[in-house]
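Colleague: Generate a structure from the sequence data that follows.
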Amino acid sequence: MEIFDAGKLRKLFRPDWNSSNEDNGSVVIIGGSSLFHGAPILALKAASRIVDMVFFTSPEPSLSAVVSMLKAGLSSFIWAPWEEVDAYIEKSDAVLIGPGMMRFAHESRIMNFDESLKLAYELREKKYDIEGQKTREITKRLLLKFPHKKWVIDAGSLQTMEADWIPDKAIVTPNEKELEMLFGIKIFDSRFKNQELSKVVQEKAKEHKCIIMVKGTETMVASLEEKAIIRGGNPGLTKGGSGDVLAGLTVAILAKNDPFLAACSASYIVKAAADELYTKVGTNYNSNDLADTIPQIHHNLTK
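Modeller: Numbering: from 1, shown residues only. Sure thing, here's the model as predicted:
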């Protein structure tokens, strides 16, 4: 399998000196909930460093107040009213859906071990309460209405959807458990005992005509025709929000690039940013630090 290296980043789109507003990409980020309002913010923070315009919208009404406060410190995005989400999707180059969208109403309280196990079981069995059903219905409607758009599907949307809804050439961003849940497979099942995980992932990528980015210490990306491993990173990436930063960077790069290259490049840059932070502070960094480090790393690797 191919090992993705920094040299391939030179294939990425570069803004033209004569370009004007939105020539270099525009994206919509759909996410957030009454509990998880930080996730889409991290995604838009990463995306806003790459593309010309980031539109942020959420089905959660309470987020408008959070956004108003956020604007004081981070003004490089436009808050799009939820009732206008379709129009913003149509006018943008790429869309990210899922960061911070809830699966269960009882995610909003601390769960004990038994409750956590029950939640994991219910997710696997596709059983949702009203919050999960809301996420599921929004995800289904938008994916099926706009199959021609470039999509990154993450987090809550990824965990409540059906694989048959994935638009052609969309990027899905599961970890191994989410991979099992989405595609109805068991990675360590005896049926796959003598098969490499990469072969199983590429089979699903071919079946659903999508790009699958399986996040991990060695991230795997597979499309219909290609597959690659992205190495690097460190335990600091286990902190909450790292996946949201990755999702935001992925949709930003996707706006003006091939989906397979976008997925590989975003993973490589995030891991490189994490490794740069590790040389300075070890694992004592958070997702905001990660998002703030990405612009310099992106520049260094693509110049």
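Colleague: Surely Gly38 is in contact with Asn286?
Modeller: No. Counting by Cβ atoms under 8 Å, Gly38 stays clear of Asn286, with 10.7 Å between them. Glycine gets a C-beta too; all of them are placed from N, C-alpha and C.
Colleague: of the two, who's got more company?
Modeller: Gly38 (18 against 15; other Cβ atoms under 10 Å).
Colleague: which residues sit in contact with that one?
Modeller: Gly100, Gly241, Asp244 (Cβ atoms under 8 Å, 6 or more residues apart in numbering).
Colleague: Repeat that for Ile78.
Modeller: Met53, Val54, Phe55, Phe56.
Colleague: so what's in contact with Gly38 and Asn286 at the same time?
Modeller: Gly241.
Colleague: Just put the contacts of Gly38 in JSON lines and tack on secondary structure and pLDDT.
Modeller: Shown next, in JSON lines, are the contacts of Gly38 (DSSP: H, G, I helix; E, B strand; the rest coil; pLDDT from 0 to 100):
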{"residue": "Gly100", "secondary structure": "coil", "pLDDT": "87"}
{"residue": "Gly241", "secondary structure": "coil", "pLDDT": "93"}
{"residue": "Asp244", "secondary structure": "helix", "pLDDT": "96"}
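Colleague: Export these as TSV, with columns for neighbour count and distance to Thr219.
Modeller: Shown next, in TSV, are those (neighbours: other Cβ atoms under 10 Å; distance: Cβ to Cβ, whole Å):
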residue	neighbour count	distance to Thr219
Gly100	27	22
Gly241	20	17
Asp244	30	16
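Colleague: Nearest residue to the middle of this structure?
Modeller: The centroid of the chain falls nearest to Ala247 when counting by Cα atoms, centre = their mean (2.6 Å).
Colleague: Assess the claim that that one and Pro174 are in contact.
Modeller: No. Contact criterion Cβ under 8 Å: Ala247 and Pro174 do not qualify, at 11.5 Å.
Colleague: which of the contacts of Gly38 lies closest to Asn257?
Modeller: Nearest to Asn257, judged by Cβ to Cβ, of the contacts of Gly38 is Asp244 at 20.2 Å.
Colleague: thought that closest one was touching Ala155?
Modeller: Yes. Using Cβ under 8 Å, Asp244 is in contact with Ala155, at 7.5 Å.
Colleague: Which strands and helices lie in contact with the helix or strand harbouring Ile138?
Modeller: Secondary structure from DSSP states H and E places Ile138 in helix 130-145. Helices and strands touching helix 130-145, by 3 or more Cβ pairs under 8 Å, 6 or more residues apart in numbering; DSSP states H and E, are helix 85-91, strand 94-97, strand 150-153, helix 155-160.
Colleague: Which parts of that helix count as buried, going by neighbours?
Modeller: Glu131, Gly132, Lys134, Thr135, Arg136, Ile138, Thr139, Lys140, Leu142, Leu143 (16 or more other Cβ atoms under 10 Å).
Colleague: Looking at the residues you listed, spot the one nearest Ser19.
Modeller: Leu142 (28.7 Å).
Colleague: Please, which helix or strand holds the closest residue in space to Ile253 that isn't next to it in sequence?
Modeller: Closest residue in space to Ile253, ignoring its immediate chain neighbours: Ala262 at 4.2 Å, by Cβ to Cβ, 6 or more residues apart in numbering. Counting by DSSP H and E, the element that carries Ala262 is helix 259-281.
Colleague: I'd like the average pLDDT over that helix.
Modeller: Helix 259-281 shows a mean pLDDT of 98.
Colleague: CA atoms only for that helix, dumped as CSV, please.
Modeller: Only the C-alpha atoms of helix 259-281 are listed here, as CSV (Å, rounded to 0.1, in the frame of the first residue of the first chain):
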residue,chain,number,x,y,z
PRO,A,259,-11.5,14.0,-2.8
PHE,A,260,-8.8,11.3,-2.3
LEU,A,261,-6.0,13.8,-2.3
ALA,A,262,-8.0,16.1,0.0
ALA,A,263,-8.5,13.3,2.6
CYS,A,264,-4.9,12.2,2.5
SER,A,265,-3.5,15.7,2.6
ALA,A,266,-5.7,16.9,5.5
SER,A,267,-4.7,13.9,7.6
TYR,A,268,-1.0,14.4,6.8
ILE,A,269,-1.1,18.1,7.7
VAL,A,270,-3.0,17.5,11.0
LYS,A,271,-0.5,14.8,12.0
ALA,A,272,2.4,17.1,11.0
ALA,A,273,1.0,19.9,13.1
ALA,A,274,0.6,17.6,16.1
ASP,A,275,4.2,16.5,15.7
GLU,A,276,5.4,20.1,15.5
LEU,A,277,3.5,20.9,18.7
TYR,A,278,5.0,17.8,20.4
THR,A,279,8.5,19.1,19.8
LYS,A,280,7.6,22.2,21.9
VAL,A,281,5.1,21.1,24.6
